[in-house]
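Enquirer: Return a 3D structure for these sequence lines:
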Amino acid sequence: MPMPLHPGRLKERGFNQSMEIAKPISRWLDIPLTADACQRTRDTPTQAGLKWKERRRNVHGAFACDLDLSGKKIAVLDDVMTTGATLNEISRILKSQGASEVSAWVVARTPHK
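Expert: Numbering: from 1, shown residues only. Model prediction:
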């Protein structure tokens, strides 16, 4: 699944970059792609420039998932990972819905200073 964008951010941007990356990967690996497993329920400020604790606080409670994911293995695709706060938060939500395994697939990793 691609990292969800808030509907307002999606409208502003016109596309979800994680979804655009996930589409060919899903086809290439022949694995299902779901865009609606979770939703971003809060339009959080951008994470750029925030310290780790601020990033964690910024995304806490920003996602919702209503699906029963019991026993499912989920790969969350995101374009860039800096601290992992966003991926940790969505993983927490997916596991609370029963996912047995959550993997983070990222295109780029910001180096730790």
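Enquirer: mind listing the strands for the chain?
Expert: Along the chain, counting by DSSP state E, strands occupy 39-40, 63-64, 73-81, 101-109.
Enquirer: Include distance to residue 8 and mean neighbour count when you put those strands into TSV, please.
Expert: (Each C-beta comes from the backbone N, C-alpha and C, glycine too.) Below are the strands of the chain laid out as TSV (distance: least, C-beta to C-beta, whole Å; neighbours: other C-beta atoms under 10 Å):
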stretch	distance to residue 8	mean neighbour count
strand 39-40	9	18
strand 63-64	15	17
strand 73-81	18	18
strand 101-109	24	14
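Enquirer: Need the residues that contact the worst-scoring helix or strand of the chain on mean pLDDT.
Expert: Of the helices and strands making up the chain, the lowest-confidence element is helix 52-59, at a mean of 78, by mean pLDDT, DSSP states H and E. Applying C-beta atoms under 8 Å, 6 or more residues apart in numbering, the contact partners of helix 52-59 are 44, 45, 47, 50, 82, 83, 85, 86, 88, 89.
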